[in-house]
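A.B. asks: When you get a sec, could you give me coordinates for this:
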Amino acid sequence: MTTPHPEPYTEPFFTPDPKSAARSRIADFARWAARHRGAGEIQEPTDYRALYQWSVTDLEGFWAAVWEYFDIDATTPYERVLAEETMPGTRWFPGATLNYAHHALRNLQPDAPAITALDENGSCYEITGRELRAQVASVAASLRGLGVGQGDRVVGYLPNTPHAVIAFLATASLGAVWSVCGQDYAPKAAADRFAQLEPTVLITADGYLFNGTTHDRRAASLELAAALPTLKATVLVDHVGLAWPEGGDSVLTVPWEDAATRVEYLTIAPVPFDHPLWVVFSSGTTGLPKGIVHGHGGVLLEHLKTLGLHTDLGTGDRLLWYTTTHWMMWNLVVSTLLTGATTCTYDGSPVPQARPDVLWELAARHKVTVFGTSPQYLLTMAKLGIEPSVHDLSAIRVVGCTGSALPASAYPWVRDHVGAGVQLASTSGGTDIVSGFAGSASTTPVWEGELSAPSLGVALAAYDPTGTPVLDQVGELVVTRPMPSMPLHFWDDPGGSRYRDAYFDAYPGVWRHGDWITLTSHGSVIVHGRSDATLNRNGVRLGSADIHDVVERLPEITEALVIGAEEPDGGYWMPLFVVLADGVGLDDSLRDRIRDAIRAGASPRHVPDEILAVPALPHTRTGKKLEVPVKRLLQGAPADQVLNAAAVDNPELIAYFARLGAERSKRSAHHL
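C.D. replies: Numbering: from 1, shown residues only. Down below sits the predicted model:
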């Protein structure tokens, strides 16, 4: 069986400056590893392939090197790096005790900004390293006074502001467990997550900003608190200046100002390497969201590797990456502090109507060195005709991009409209590992439409249907050796059966992530989309992302979604749904242009049966297209069995696609 895919580029689109690459932290690490860890394979410090090969063949040597290079400060030493390699059930660094919060605070400059708080109005305030440490100490003492101890859960219903960062670090310093979601979640959706954790304290804000509107979340906050019967207290954050109601609450309420302004000495509790740090949740598109538990030590090492080595962050750098608190990128962005760099929080819409280029404006004003976003944002900038380079973006050296496959068309746009010397670092990972499987580094070339390389320490492979590794053809994304940030377990999964079923059911002992990828001969990675949403027409498979890439380059199309739906009579229906740009109509001429583009740019065998205009496409709240749920709706499955409306950015679209599915089923039944 052949599997078509766009031909990978043979010549790099971007090649790092050799002098800059040699000065990078990843090159310094390579020199250090060759000298101190016996990594003799590394002849040149800028040879990423050699460094990568060592990192996945000598897991113990590599992760010990990360530990030593970043000077992990353990209260008690580890006995060995890897006591058990079997997946699941891997045991990393047994015997070690440490704390993530200690490492997040130890490298900060006392009088330099640790956090720069930004919003869509252009407002800004800064928190220095000294101020951050003092506020963490105060909130930690307040939480301790409210009964929070090691292993207890503290949850946040918060926008992306410094309050969330401070509350998380305070929680972690106690050895308690943190979880957070954004306030665009309805109270019930937040309670579906948090009630599973039986939290001791809720920290919530009065509201948030989005697209010129202040959203009042006081009533929602109190409704959420009432839905969490284990709470001992609720801490109330005054973020947008709305007065909290007085009295009438059965649970103790504490103003944030009281919790965060005490003069306290910061005492940090050492915990075992695999002690739970936080619980992040799956999107919950079907049933209750799954709570994914990560540990202090695994997150610490993985994020130092990702941000310190791959992203080259250090003291003096500033990172601005648009995210919400319920996306795993928030967790990664907070870890900027581990490197001594400044992290920027941002409250608001990424493209507010009043000033759609505000993120570029803020990046210029604050001399951001790493700017992070999503493919949809870059495509939106291009279609709106935004010109980022009208701002002084000379400080930016990396534009990071994640969330979905980045189309090849975005690469020249970043070069031409952001800066020719800027490296576009497309990455792919997931909430599951709260990090990346593949991305870029200061020493890797960049090919259009491709991720530069598998990440260090990630034994990445593409498996064909027989479970055989393949090169230069589409296969299942698998990881054949463990990573420290793989989940400790799922919450409330005592036997581990749900965890095993999620990742290890297809290939025992091998992590199957659910994406289609191609590993190319020149070392890059192409992401084709979710494997459970693969287009399989007449036995020929194609990733949906390959079609989305081609179609979304057309100026008339804002967004596209292609579905391959098996039908009861054995047929195969492949519709393409498109969201049209303002003022555009879907006529036969545009349909022909779309079909021609797919034939030429993706596959002549995967031209859609129908092209339908829709008002919008449904996404998870972190921006991923809901391909599989839409497919099931179109196959006639009841909406309440397919989707949890609270997990969808626009719940009204569930009924829309369910109606399309019902109409399709009636027509099919009539023809039968």
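
A.B. asks: Okay, helices next: where are they in the stretch 101-250 of the chain?
C.D. replies: Taking DSSP state H, counting those that start in this stretch, the helices of the stretch 101-250 of the chain run over residues 129-145, 162-173, 187-197, 218-226.

A.B. asks: Between the ones you listed, which one is closest to residue 575.
C.D. replies: Of all the helices of the stretch 101-250 of the chain, it is helix 187-197 that lies closest to residue 575, at 29.2 Å by CB to CB. C-beta: built from backbone N, CA, C; applies to glycine.

A.B. asks: and the closest one, which residues are buried?
C.D. replies: Across helix 187-197, burial judged by 16 or more other CB atoms under 10 Å covers 187, 189, 190, 191, 192, 193, 194, 195, 196, 197.

A.B. asks: Now that helix: average pLDDT?
C.D. replies: Model confidence over helix 187-197, given as mean pLDDT, is 91.

A.B. asks: on contacts alone, who are the packing partners of it?
C.D. replies: Judged by 3 or more CB pairs under 8 Å, 6 or more residues apart in numbering; DSSP states H and E, helix 187-197 is in contact with strand 153-157, strand 177-181, helix 218-226, strand 291-295.

A.B. asks: ok, residues contacting it?
C.D. replies: Contact with helix 187-197 is made by 153, 155, 157, 177, 179, 181, 202, 220-221, 223-224, 227-228, 279, 281, 284, 288-289, 291, 491-492, 644, 646-647, as judged by CB atoms under 8 Å, 6 or more residues apart in numbering.

A.B. asks: By mean pLDDT, which helix or strand of the protein comes out lowest?
C.D. replies: strand 540-542 (a mean of 65; mean pLDDT, DSSP states H and E).

A.B. asks: hmm, who's touching whichever helix or strand comes after it?
C.D. replies: Following strand 540-542 in sequence order, the next helix or strand is helix 544-551 (DSSP states H and E). The set of residues external to helix 544-551 that reach it, using CB under 8 Å, 6+ apart, is 5-6, 404-405, 407-409, 449, 527-530, 533-535, 557, 560-564, 576, 578, 594, 597-598, 601-603, 606, 608, 625, 627.

A.B. asks: The same query, at a cut-off of 6 Å, please.
C.D. replies: For helix 544-551, the external contacting residues (CB atoms under 6 Å, 6 or more residues apart in numbering) are 6, 405, 407, 528-529, 533, 557, 560, 562, 594, 597-598, 601-602, 627.

A.B. asks: Stretch 384-397 now?
C.D. replies: So stretch 384-397 is contacted by 356, 357, 360, 361, 364, 367, 369, 371, 417, 418, 419, 422 (CB under 6 Å, 6+ apart).

A.B. asks: Scan those residues and report the most crowded one.
C.D. replies: Most neighbours among the contacts of stretch 384-397, by other CB atoms under 10 Å: residue 371, with 27 neighbours.

A.B. asks: backbone phi and psi for that one, please?
C.D. replies: For residue 371, the backbone dihedrals are phi -110, psi 120 (criterion: degrees, to the nearest 10).

A.B. asks: Provide a list of residues in contact with it.
C.D. replies: For residue 371, the contacting residues are 320, 363, 396, 399, by CB under 6 Å, 6+ apart.

A.B. asks: Can you report how many residues lie near the second one?
C.D. replies: For residue 363, the number of neighbouring residues by other CB under 10 Å comes to 26.

A.B. asks: where does it land in three-state SS?
C.D. replies: Using DSSP: H, G, I helix; E, B strand; the rest coil, the structure places residue 363 in helix.

A.B. asks: Test for you: state the pLDDT assigned to it.
C.D. replies: 98.

A.B. asks: ok, and the closest non-adjacent residue to it?
C.D. replies: The spatially closest residue to residue 363, leaving aside those adjacent along the chain, is residue 371, at 5.2 Å (CB to CB, 6 or more residues apart in numbering).

A.B. asks: What's the separation between that neighbour and residue 149?
C.D. replies: Look at residue 371 and residue 149: by CB to CB, to the nearest Å, they are 40 Å apart.

A.B. asks: And for residue 654?
C.D. replies: Distance from residue 654 to residue 149, by CB to CB: 41 Å.

A.B. asks: between these two, who's got more neighbours?
C.D. replies: residue 654 (21 against 12).

A.B. asks: ok, the more buried one - contacts?
C.D. replies: Neighbours of residue 654 in contact, by CB under 6 Å, 6+ apart: 639, 643, 645.

A.B. asks: what secondary structure does it sit in?
C.D. replies: Recorded secondary structure, residue 654: helix (three-state DSSP).

A.B. asks: Quick check: it vs residue 241, distance?
C.D. replies: 35 Å.

A.B. asks: Could you do residue 426 as well?
C.D. replies: To residue 241, residue 426 is 39 Å away according to CB to CB.

A.B. asks: what's the angle from the lengthiest strand in the chain to helix 544-551?
C.D. replies: Secondary structure of the chain per DSSP state E: the longest strand is strand 511-519. Counting by axes from the mean of the first three to the mean of the last three CA atoms, to 10 degrees, strand 511-519 lies at 40 degrees to helix 544-551.

A.B. asks: any idea of the mean pLDDT in strand 511-519?
C.D. replies: The model assigns strand 511-519 a mean pLDDT of 91.

A.B. asks: which helices and strands sit right next to it?
C.D. replies: With contacts defined as 3 or more CB pairs under 6 Å, 6 or more residues apart in numbering; DSSP states H and E, strand 511-519 has these neighbours: strand 474-479, strand 525-530.

A.B. asks: Run through who's touching the first one.
C.D. replies: Just to be clear, that refers to strand 474-479. Strand 474-479 has contacts (CB under 6 Å, 6+ apart) with 3, 5, 459, 461-464, 510-513, 515-518, 528, 531.

A.B. asks: May I have the strands that pair with that strand, each with its orientation?
C.D. replies: Strand partners for strand 474-479, identified by DSSP bridges, are recorded as strand 460-463 (antiparallel), strand 511-519 (antiparallel).

A.B. asks: And that strand, what's buried?
C.D. replies: Going by neighbour count (16+ other CB under 10 Å), the buried part of strand 474-479 is 474, 475, 476, 477, 478, 479.

A.B. asks: Mind pulling up the pLDDT for residue 1?
C.D. replies: 32.

A.B. asks: so where's the stretch 101-250 of the chain shaky on pLDDT?
C.D. replies: Scanning the stretch 101-250 of the chain for pLDDT under 70 picks out the ranges 247-250.

A.B. asks: do the same with the stretch 501-650 of the chain
C.D. replies: Along the stretch 501-650 of the chain, segments meeting pLDDT under 70 span 532-534, 536-541, 567-571, 641-642.

A.B. asks: now the strands for it?
C.D. replies: Along the stretch 501-650 of the chain, counting by DSSP state E, counting those that start in this stretch, strands occupy 511-519, 525-530, 535-537, 540-542, 557-562, 565-566, 572-573, 575-580, 610-613.

A.B. asks: With mean neighbour count as new columns, can those be given to me in CSV?
C.D. replies: As requested, the strands of the stretch 501-650 of the chain are exported to CSV (neighbours: other CB atoms under 10 Å):
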stretch, mean neighbour count
strand 511-519, 23
strand 525-530, 25
strand 535-537, 18
strand 540-542, 20
strand 557-562, 24
strand 565-566, 16
strand 572-573, 15
strand 575-580, 20
strand 610-613, 14
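
A.B. asks: quick revisit: between the helices and strands packed on strand 511-519, which one is closest to residue 122.
C.D. replies: Here strand 525-530 is closest among those (CB to CB), at 34.5 Å.

A.B. asks: Strand 511-519 and that closest one, what's the angle between them?
C.D. replies: Between strand 525-530 and strand 511-519, the angle comes out at 120 degrees (the same axes, to 10 degrees).

A.B. asks: What's the separation between residue 195 and residue 608?
C.D. replies: Residue 195 is 42 Å from residue 608, by CB to CB.

A.B. asks: Verify the stated contact: residue 269 with residue 171.
C.D. replies: No: contact criterion CB atoms under 6 Å: residue 269 and residue 171 do not qualify, at 11.0 Å.

A.B. asks: Going by residue numbers, what spans are helices in the stretch 551-672 of the chain?
C.D. replies: Assigned by DSSP H, counting those that start in this stretch, the helices in the stretch 551-672 of the chain fall at 588-601, 627-634, 639-642, 652-671.
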